[in-house]
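Novice: Sharing a model that was predicted from the sequence below.
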Amino acid sequence: MPAARVATSSKAFLATKHGAPTPEDPIEGLRAGWDLAVEFAVDSPPSVLTLRTSTACG
């Protein structure tokens, strides 16, 4: 897997998290982070596939 594709996908995911408000309740923070991850996965399947295959063991 080319490192440039992994870096681009990682940056794209982190950009979705940038600027998101941080809830005071840690459980709400966890839920918000999960929602962002799922939304990114639905909107960007190729990026998620790139990240998954770059971190797969074996």
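Specialist: Cool, the structure landed. Predicted model, so just to flag it, every value in this text is computed and none were measured.

Novice: going forward, measure contacts and count neighbours with C-alpha atoms only.
Specialist: Noted.

Novice: Using neighbour counts, pick out the buried residues of the longest helix along the chain.
Specialist: Of all the segments of type helix in the chain, defined by DSSP state H, the longest one is helix 26-43. Applying a neighbour-count criterion of 16 or more other Cα atoms under 10 Å, one finds A32, G33, L36, A37, F40 buried in helix 26-43.

Novice: how far away is the first one from A4?
Specialist: Spelled out, it's A32. 28 Å (Cα to Cα, to the nearest Å).

Novice: Give me the nearest residue to the residue nearest the centre of the chain, chain neighbours excluded.
Specialist: What sits nearest the mean C-alpha location of the chain, by Cα atoms, centre = their mean, is F13, with 3.9 Å. Once flanking residues are discounted, F13 sits nearest to F40: 6.7 Å by Cα to Cα, 6 or more residues apart in numbering.

Novice: how about that neighbour, what does it touch?
Specialist: Contact partners of F40, counting by Cα atoms under 8 Å, 6 or more residues apart in numbering, are F13, T16, V48.

Novice: hmm, try it at 10 Å
Specialist: By Cα atoms under 10 Å, 6 or more residues apart in numbering, the contact set of F40 is A12, F13, L14, T16, K17, W34, S47, V48.

Novice: where's the residue nearest to the centre of the chain, which helix or strand?
Specialist: For F13, the element it lies in under DSSP states H and E is helix 3-17.

Novice: can you tell me the average pLDDT over that helix?
Specialist: The pLDDT scores in helix 3-17 average 74.

Novice: cool, stretch 30-37 as well?
Specialist: 87.

Novice: All set now, cheers.
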